[in-house]
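Q: when you get a sec, could you give me coordinates for this:
(2 chains)
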There are 2 protein chains.
Amino acid sequence: MNHSDLLKSTYNQSNYYLANHGKRNINILKEAFETVDDDMQSDMYGEGQIIEAFQDKIASFLGKEKAVFFPSGTMAQQIALRIWCDEKGLREVAYHPLSHLEIHEEDGLKEIHQIEPTLLADKDRVIELSDIIDMKEGIACVLLELPQREIGGQLPSYETLTQISIYCRANDIKLHLDGARLLEVLPYYKKTAAEVSALFDSVYVSFYKGIGGIAGAILAGDETFIDQSKVWKRRHGGDLISLYPYIITADYYFEMRKNKMEQYFEEAKELAAFFNACHGVSTLPTVPVSNMFHVHFSYPKEKMVAVLANVHKQTETGITANLKEIDDTSCFFELSLGDQYGDVPKKQIDKVFKLLNEYLVKH
Amino acid sequence: MNHSDLLKSTYNQSNYYLANHGKRNINILKEAFETVDDDMQSDMYGEGQIIEAFQDKIASFLGKEKAVFFPSGTMAQQIALRIWCDEKGLREVAYHPLSHLEIHEEDGLKEIHQIEPTLLADKDRVIELSDIIDMKEGIACVLLELPQREIGGQLPSYETLTQISIYCRANDIKLHLDGARLLEVLPYYKKTAAEVSALFDSVYVSFYKGIGGIAGAILAGDETFIDQSKVWKRRHGGDLISLYPYIITADYYFEMRKNKMEQYFEEAKELAAFFNACHGVSTLPTVPVSNMFHVHFSYPKEKMVAVLANVHKQTETGITANLKEIDDTSCFFELSLGDQYGDVPKKQIDKVFKLLNEYLVKH
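A: Numbers count the residues shown, from 1 in each chain, chains lettered A, B, ... in the order given. Below you'll find the predicted structure:
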């Protein structure tokens, strides 16, 4: 068995898990659909009670005029940036070097929309006001991702956010929120979704991160913006005859988990402290600002696979199924708190970290 | 109540229906998912047993090397045409003036891919070999839709299809099949899906027309083509973390209905004959070549709404919920045969057409 298989297989055989809500299996769908009448009519090409009610609900939650449900955030965000570029008659936007659009979308923004990004800030820190002020002219829209996932879920201060928003409005630059994990940062900011969204011209939120649905996204903004986004949704092939499998699950898990983000945040801070107390282990950020963080090991990946696999087997508690090599002497993984952490007995958690630390100290 | 509301409401209160498989309600999903284990793992970004097995099955059914599941045909077909254009270094394709790409996709092909279509044939007939031969130079790909939906589901002869295929191959023009309703035309052609597909370089099939799933499409072709289509699927925002709600239902209804197309075809011919026997009514085509046809009335829409609403109420049998005006003296609707026709007692059908004819003769 190779390394990653060993880690996955021992992880999957665990009885307890530190991260996530649970396995992404068919029951996610079945549980949500048990609450729905069999004879409820499908949505049809963006119309009908199922889709319209959910769009209205999330628009209101985000404090925006209108919202539209998309099958994916990739589609929603490209379209948001395209609309702002068209409005300005420009073909440039600005975002973080590790933005989802830059590293996970096969250059869709460039290939489909001929939009060139300016990359703001260094890879290892969040965008600050000075990055925006120093930006070259001709940028139609700035995209901010809250939290910045690929660096462990870091956040600018709320003051910085506010200053960026004021600066962009004063300088006629549109501001778009990649809020894939917007709900997850509200407890840290101590703000409502509408308060944060008010700083932005357009907002995208996802329903399969902290919310734990199957897939799908909402894009929200003013009425003109949303009307245009529906035209682009059809052009992209996202105006499916029926999106209800995603909408009903999104709604079900939104209601179940929208008020649990404070709990995940507190648990994330607790869990990060446990990792940081281990030899050669540190989290990024040191104190989490959402439900997520990265765990860094100053040991080679090969060594850590063996250690974690042993901890999995001896404690029946899954830590991670995926380790990413940084270099010959270090590796890391991403961890997002969800429902499962609360099910792990405290004694079990103590045992996991005692054993993990023992293995690492012995090294 | 306005006209279209009257027609819809009397239609929806019927006990029997001439067309379709049934209401597009949540039970479509629930029924399919009853057959699946709760702990079956979700597909993840195009990988996993659920998606790979279905892609392999349909690739094999179509006699192609590989296949990829798409959330929509709109996305699948734009991408197919883009790949062929890129391969040829051209930006032009050719299709029918009433192609889905031309009239239902908000010009996605032009706006997203900068591909210009040449429109072949007149609106009211199918594409013939001479249209292809007379085509200007510089066309990367010809798209044929079988059957041509917007003109009642008409078909070229199989000999014409074969000749077009030979001509395109000889002249280095790619041939793409819009097979949204491919299964529905196999009984007329007396061919397998693989035999028809063999004439084309790439094939798209839909799973919510005759098959009756929720949404979703397969694009099939050779391995290089499919590898490229997966990159474009991600760019379009179609590489969802999980597509299983559509895949499981597509597979379930594919197995249920793939062998019922002959029955729908025979019933379509029978039903078209009943319409054609009524005063001032004709079907297009006169004798259907698939499970679908258009029903034309040489009466004003307003008159026909009243007539059809009365027939609905008096026979409790739904004929159509939608009438489209052609001009002041005529209107039509589209009809696709599905499971529901077989449930209507013969006496009931006789009653419907006797009454319909009486109303029309009286006019």
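Q: pLDDT weak spots in the stretch 101-250 of chain A?
A: Nowhere does the stretch 101-250 of chain A drop to pLDDT under 70.
Q: for the stretch 251-363 of chain A, which residues are neighbours of chain B?
A: Taking Cβ under 8 Å from any Cβ of the partner chain, no part of the stretch 251-363 of chain A reaches chain B. No exception for glycine: its C-beta is placed from N, CA and C like everyone else's.
Q: please enumerate the strands of the stretch 251-363 of chain A.
A: A:281-284, A:292-297, A:317-318, A:324-327, A:330-336 (DSSP state E, counting those that start in this stretch).
Q: same question, the stretch 1-150 of chain A
A: Going by DSSP E, counting those that start in this stretch, the stretch 1-150 of chain A shows strands at A:16-17, A:66-70, A:92-95, A:116-119, A:141-145.
Q: quick one on the thing from earlier: take the strands of the stretch 251-363 of chain A and lay them out in JSON lines including mean neighbour count, mean pLDDT and distance to residue B:138.
A: Output for the strands of the stretch 251-363 of chain A, formatted as JSON lines (neighbours: other Cβ atoms under 10 Å in any protein chain shown; pLDDT from 0 to 100; distance: least, Cβ to Cβ, whole Å):
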{"stretch": "strand A:281-284", "mean neighbour count": "19", "mean pLDDT": "98", "distance to residue B:138": "54"}
{"stretch": "strand A:292-297", "mean neighbour count": "24", "mean pLDDT": "98", "distance to residue B:138": "51"}
{"stretch": "strand A:317-318", "mean neighbour count": "24", "mean pLDDT": "98", "distance to residue B:138": "57"}
{"stretch": "strand A:324-327", "mean neighbour count": "12", "mean pLDDT": "97", "distance to residue B:138": "47"}
{"stretch": "strand A:330-336", "mean neighbour count": "20", "mean pLDDT": "98", "distance to residue B:138": "49"}
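Q: any chance of a markdown table for those strands, columns distance to residue B:281?
A: Below are those laid out as a markdown table (distance: least, Cβ to Cβ, whole Å):
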| stretch | distance to residue B:281 |
| --- | --- |
| strand A:281-284 | 72 |
| strand A:292-297 | 64 |
| strand A:317-318 | 66 |
| strand A:324-327 | 67 |
| strand A:330-336 | 61 |
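Q: so which of those strands comes closest to residue B:246?
A: Set against residue B:246 and scored by Cβ to Cβ, these come closest in strand A:330-336, at 26.0 Å.
Q: off-centre distance for the closest one?
A: Distance of strand A:330-336 from its chain centroid, counting by Cα atoms, centre = their mean, to the nearest Å, is 15 Å.
Q: which strands or helices does it pack on?
A: Strand A:330-336 sits against strand A:292-297, strand A:324-327, with contacts defined as 3 or more Cβ pairs under 8 Å, 6 or more residues apart in numbering or on different chains; DSSP states H and E.
Q: make it 10 Å
A: Using 3 or more Cβ pairs under 10 Å, 6 or more residues apart in numbering or on different chains; DSSP states H and E, the elements in contact with strand A:330-336 are helix A:261-276, strand A:281-284, strand A:292-297, helix A:301-315, strand A:324-327.
Q: please save the CA atoms from it in CSV.
A: Provided in CSV are the C-alpha atoms of strand A:330-336 (Å, rounded to 0.1, in the frame of the first residue of the first chain):
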residue,chain,number,x,y,z
SER,A,330,7.7,19.5,6.1
CYS,A,331,4.1,18.8,5.2
PHE,A,332,0.6,20.1,6.1
PHE,A,333,-3.1,19.4,5.8
GLU,A,334,-6.2,21.5,5.9
LEU,A,335,-8.8,21.0,8.6
SER,A,336,-12.4,22.3,8.8
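Q: up against chain B, what does the stretch 51-200 of chain A have?
A: Residues of the stretch 51-200 of chain A lying near chain B by Cβ under 10 Å from any Cβ of the partner chain: A:70-79, A:82, A:104-114.
Q: just the buried members of these?
A: For those, a burial check counting by 16 or more other Cβ atoms under 10 Å in any protein chain shown picks out A:70-79, A:82, A:104-106, A:108-113.
Q: so which of these are in helices?
A: A:73-79, A:82, A:108-113 (DSSP state H).
Q: tell me the one of these nearest residue A:44?
A: Nearest to residue A:44 among those, with distances taken as Cβ to Cβ, is residue A:75, at 19.2 Å.
Q: and the nearest residue to the closest one once chain neighbours are set aside, what does it touch?
A: Nearest non-adjacent residue to residue A:75, counting by Cβ to Cβ, 6 or more residues apart in numbering or on different chains: residue B:237, 2.6 Å away. For residue B:237, the contacting residues are A:70-79, A:105, A:108, A:112, A:217, A:233, A:236-238, B:71, B:75, by Cβ atoms under 10 Å, 6 or more residues apart in numbering or on different chains.
Q: about what we covered before: just the ones in helices among the buried ones among the residues of the stretch 51-200 of chain A next to chain B now: which is nearest residue A:199?
A: Closest to residue A:199, out of all of those and judged by Cβ to Cβ, is residue A:77, at 17.0 Å.
Q: quick one on the thing from earlier: residue A:338 is nearest to which of the helices and strands packed on strand A:330-336?
A: The nearest among the helices and strands packed on strand A:330-336, by Cβ to Cβ, is helix A:261-276 at 6.5 Å.
Q: circling back: and of the ones in helices among the buried ones among the residues of the stretch 51-200 of chain A next to chain B, the nearest to residue B:320?
A: residue A:75 (33.7 Å).
Q: residues in contact with the residue of the stretch 51-200 of chain A at minimum distance from chain B?
A: At 2.6 Å from chain B, residue A:75 is the closest residue in the stretch 51-200 of chain A, using Cβ to the nearest Cβ. Residue A:75 makes contact with A:105, A:108, A:112, A:204, A:217, A:219, A:229, A:232-233, A:236-238, B:71, B:75, B:235-238, B:240, according to Cβ under 10 Å, 6+ apart.
Q: hmm, try it at 8 Å
A: A:217, A:233, A:236, A:238, B:236, B:237, B:238 (Cβ atoms under 8 Å, 6 or more residues apart in numbering or on different chains).
Q: now residue A:208
A: A:214, A:215, A:216, A:250, B:241, B:242.
Q: just the residues you listed: which are in helices?
A: Among the contacts of residue A:208, DSSP H puts residue A:250 in helices.
Q: the residue of the stretch 201-350 of chain A found nearest chain B and residue B:121, how far apart?
A: Nearest residue of the stretch 201-350 of chain A to chain B (Cβ to the nearest Cβ) works out as residue A:237 at 2.6 Å. As judged by Cβ to Cβ, to the nearest Å, residue A:237 and residue B:121 stand 25 Å apart.
Q: leaving out sequence neighbours, find the closest residue to residue A:262.
A: Excluding its sequence neighbours, the residue lying closest to residue A:262 (Cβ to Cβ, 6+ apart) is residue A:187, at 4.3 Å.
Q: residue A:90 now?
A: Leaving out its chain neighbours, the residue that sits closest to residue A:90 by Cβ to Cβ, 6+ apart is residue A:140, at 4.1 Å.
Q: next one: phi and psi at that neighbour?
A: Per-residue torsions, residue A:140: phi -80, psi -40 (degrees, to the nearest 10).
Q: so it is in contact with residue A:95, correct?
A: No - using Cβ atoms under 8 Å, residue A:140 makes no contact with residue A:95, being 11.9 Å away.
Q: about what we covered before: mind putting the contacts of residue A:75 in CSV, distance to residue A:134 included?
A: Shown next, in CSV, are the contacts of residue A:75 (distance: Cβ to Cβ, whole Å):
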residue, distance to residue A:134
A:217, 31
A:233, 34
A:236, 33
A:238, 35
B:236, 34
B:237, 31
B:238, 36
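Q: how about those in CSV, adding distance to residue B:208 and secondary structure?
A: What follows is these, written out as CSV (distance: Cβ to Cβ, whole Å; DSSP: H, G, I helix; E, B strand; the rest coil):
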residue, distance to residue B:208, secondary structure
A:217, 22, strand
A:233, 18, helix
A:236, 18, helix
A:238, 15, coil
B:236, 19, helix
B:237, 20, coil
B:238, 16, coil
